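Visitor: please work out how this folds:
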Amino acid sequence: MSGTNHAENDDWTGQVPTVVLVEPQMGENIGAAARAMWNFGLDRMRIVNPRDGWPNPKAQAMSSGAGRVMDAVTVVDTTAEAVADLNYVFATTARSRDLAKEIMTPERAMEHARALIGQGQKVGIMFGPERAGLENEDIAHANALISVPVNPAFASLNLAQCVLLLAYEWRRQTGEVPAQVMELAGTDFATGLEVQKLGERMEEALDARGFFWPEDKAESMVLTLRNMMTRLDLTQADVRVFHGIMKALEKPRAK
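Guide: Numbers count the residues shown, from 1 in each chain. Next comes the predicted model:
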């Protein structure tokens, strides 16, 4: 099989790592890896000596929706060719090796990759074949290893799963997506005054019914109630509902 010249074909303006699949066996896994990449914004794939040749109809079918990745795939004969123009290469492995290499978690590796690419460096991530992963001859081309903290009793990851994990870590560190948000569904958070007024109404109603008892614990019970009200992160809609509940309890409707 003749290799496709990759260095001239790649456009590095997007500033993302290149995914290098070394001797993948199943076209379905290549397609699934492409989908995983595009889910998180990676669009450069290089394939080293795919077992079933290229192009692969099964890979195309499985990659549904990730045409941008598949259209730009380059194929080469050897791992050395695949990484020849890269400045820094990570190799994913679940096995201990006899080679002295720095080992990083996926999170740390993608943090380092982002820093390198920010400096204009070309970064690649190598993934081995499904049957046994990367060989030491492939690992020798890498600058560092990525080790996923999986269950030691079942450490094998599907190729596409491994690609997905690294692509996710890459995307997660963009800082564009907050770690947690509240979907307000057309309302806003209640103001401090709105929560305070609701709390006062509840306290008055509960006090009138002898809730704050015994007397020596009343003060701490009120404080607990107030703290609970602020901890709930009430929306304005929530406050209106609570006022409606209070009104119904204060003046029961006649049946």
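
Visitor: tell me which residues touch the closest residue to A155 other than its chain neighbours, please.
Guide: Counting by C-beta to C-beta, 6 or more residues apart in numbering, A155 lies nearest to A94, which is 4.4 Å off, once chain neighbours are set aside. Backbone N, C-alpha and C define where each C-beta goes, glycine included. Contact partners of A94, counting by C-beta atoms under 8 Å, 6 or more residues apart in numbering, are G133, S147, V148, V150, A155, S156, L157.

Visitor: the last one: what's it in contact with?
Guide: Read that as L157. Applying C-beta under 8 Å, 6+ apart, we find L157 in contact with A94, V148, V150, L165.

Visitor: can you list the domains in this structure?
Guide: When the chain is parsed with automatic domain parsing, its domains come out as 12-172, 192-250.

Visitor: which among the ones you listed is found nearest to M182?
Guide: With distances scored as C-beta to C-beta, the stretch of the domains of the chain nearest to M182 is domain 192-250 (6.8 Å).

Visitor: straight-line length of the closest one, end to end?
Guide: Criterion C-alpha to C-alpha, to the nearest Å; first-to-last residue distance in domain 192-250 is 24 Å.

Visitor: picking that back up, out of the contacts of L157, flag the one nearest to Q121.
Guide: Comparing the contacts of L157 against Q121 with C-beta to C-beta picks out L165 as the nearest, at 22.2 Å.

Visitor: E204 belongs to a helix?
Guide: Yes. E204 sits within a helix when classified using DSSP: H, G, I helix; E, B strand; the rest coil.

Visitor: model confidence score at it, please.
Guide: Per-residue pLDDT puts E204 at 93.

Visitor: A142 too?
Guide: Predicted confidence (pLDDT) at A142: the value is 92.

Visitor: with adjacent residues omitted, what lies nearest to it?
Guide: Spatial nearest neighbour of A142, chain neighbours left out: A91 (3.6 Å); criterion: C-beta to C-beta, 6+ apart.

Visitor: make sure the one you found is actually in contact with E137.
Guide: No. Using C-beta atoms under 8 Å, A91 is not in contact with E137; the gap is 11.2 Å.

Visitor: higher neighbour count, those two?
Guide: Per other C-beta atoms under 10 Å, whichever of A91 and E137 has more neighbours is A91, with 28 against 11.

Visitor: how about the contacts made by that one?
Guide: For A91, the contacting residues are K101, I125, M126, G128, L134, D138, I139, H141, A142, A144, L145, I146, by C-beta under 8 Å, 6+ apart.

Visitor: between these, which sits nearest A66?
Guide: Nearest to A66 among the contacts of A91: I125, at 16.8 Å, using C-beta to C-beta.

Visitor: a helix runs through the closest one, doesn't it?
Guide: No. Applying three-state DSSP, one finds I125 to be strand, outside a helix.

Visitor: so what's the residue nearest to P17 when sequence neighbours are not counted bridging to?
Guide: Leaving aside its chain neighbours, P17 sits nearest to V123 (4.5 Å; criterion: C-beta to C-beta, 6+ apart). Beta-bridge partners for V123, by DSSP bridges, are Y88.
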